[in-house]
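Asks: Starting from these lines, generate the structure:
(one chain, ligands or ions: 2)
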Amino acid sequence: MGDIKLRVRNLDAWYGDNHVLKNINLDILSRAITAIIGPSGCGKTTLLRVINRLHETVPNARVRGEVILDGKNIYDPDVNPVEIRRKIGMIFQQPTVFPHLSIHDNVAIGLKLNGINDRELLDKIVRKSLREAGLWSEVEDRLWDRATDLSGGQKQRLAIARAIALEPEVLLMDEPTSALDPGATSRIEALMTNLKKDYTIIVVTHNIQFAARTADYIAFLFNGMLIEYGVAQEILERPKEKLTERYLLGEVDLERWL
Ligand SMILES: Nc1ncnc2c1ncn2[C@@H]1O[C@H](COP(=O)(O)OP(=O)(O)OP(=O)(O)O)[C@@H](O)[C@H]1O
Ligand SMILES: [Mg+2]
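Replies: Numbers count the residues shown, from 1 in each chain. Ligands and ions are numbered 1, 2, ... in the order given. Below is the predicted model:
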């Protein structure tokens, strides 16, 4: 086991009166991939958004508990949420592409918003990020073309390049391959495995095979509760909880079974 990067402690979250995360306790290991699985509506996306302080941008949304990044609670009053979102980057299911910007500037925009304006430095980071995201060879000849012409898988890697450019410590990925074909999916899988040498990755997925291929650890959420968490292979092959087993078997009637 590696070092713990992120500790989630007694975490609860609400949208208005809707209590969607219930007393979550979870240690996320450094330089590893942790997959969060669970049925639709169980709180996976909310958990990611709580971890980088995006949750509070929703009106009437509330959080209680702690998210401790390298020993510091990100909900302490002296912490700047903008700084947290730089340290903890997020990739969404539908890759964000700024249609009026070139491929180059789609990567550079996060840097510019963070006050980096030196052209040479921007160029250097953009190139490095595109390389790290495994997109360089496909775009090096058309860096100044519009990014909207890229394929879905390329757009997702572009979004990853944009996130990486800010040198985050943690990467949150919300169903990053659900809109991609198998070829593009396996490219993202290979990329994630490569990125985990430098980053701590938390990925939400509905795809158990994807989790089996990429994840070192798996957390199973159900109805806002963390049911089981551990080494991926053990969770997949020998789950301790009946509920986890039922979910992995594709049991549809989970609500009734409860
Ligand atoms: N912006 C929002 N405002 C109000 N309620 C929300 C909002 N986003 C999510 N919810 C509610 O919070 C609960 C958890 O939603 P969340 O999006 O975290 O689930 P999920 O596990 O990511 O589901 P899926 O697999 O379908 O993406 C659901 O009951 C949902 O209706
Ligand atoms: Mg979701």
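Asks: shaky segments in the stretch 1-150 of the chain?
Replies: 1 (pLDDT under 70).
Asks: Would you map the strands across it?
Replies: 4-15, 18-29, 33-37, 61-69, 72-73, 88-91 (DSSP state E, counting those that start in this stretch).
Asks: For I227, the count of nearby residues, please.
Replies: 18 (other Cβ atoms under 10 Å). From N, CA and C alone the C-beta is placed, and that goes for glycine too.
Asks: circling back to that earlier point, point out the most buried one among the strands of the stretch 1-150 of the chain.
Replies: strand 33-37 (a mean of 25; mean count of other Cβ atoms under 10 Å).
Asks: Partner strands of that one, with direction?
Replies: Its sheet considered, strand 33-37 pairs with strand 200-204 (parallel), strand 217-222 (parallel) by DSSP bridges.
Asks: Relative to G65, which of those strands is closest?
Replies: strand 217-222 (15.1 Å; Cβ to Cβ).
Asks: where's K44 relative to G134, distance?
Replies: Applying Cβ to Cβ, to the nearest Å, the value for K44 to G134 is 25 Å.
Asks: And these two? Which one has more around it.
Replies: Set side by side, K44 and G134 show more neighbours around K44, with 24 against 18, by other Cβ under 10 Å.
Asks: I'd guessed L172 sits against R85; true?
Replies: No - using Cβ atoms under 8 Å, L172 is not in contact with R85, being 10.0 Å away.
Asks: okay, those two: which has more neighbours?
Replies: Using other Cβ under 10 Å as the criterion, L172 and R85 rank with L172 on top: 25 against 18.
Asks: Can I get the strands of the stretch 1-150 of the chain in TSV including distance to I109?
Replies: Putting the strands of the stretch 1-150 of the chain into TSV (distance: least, Cβ to Cβ, whole Å) gives the following:
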stretch	distance to I109
strand 4-15	26
strand 18-29	28
strand 33-37	27
strand 61-69	24
strand 72-73	28
strand 88-91	13
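Asks: who in the protein is up against ligand 1?
Replies: Y15, N18, V20, G38, S40, G41, C42, G43, K44, T45, T46, V58 (Cβ under 6 Å from any ligand atom).
Asks: For L236, state which of those residues is nearest.
Replies: G38 (14.0 Å).
Asks: Look up which residues are beta-bridged to A35.
Replies: V203, I218.
Asks: quick one, what contacts it?
Replies: Counting by Cβ atoms under 8 Å, 6 or more residues apart in numbering, A35 makes contact with I202, V203, V204, T205, F210, A211, T214, A215, Y217, I218, A219, A232.
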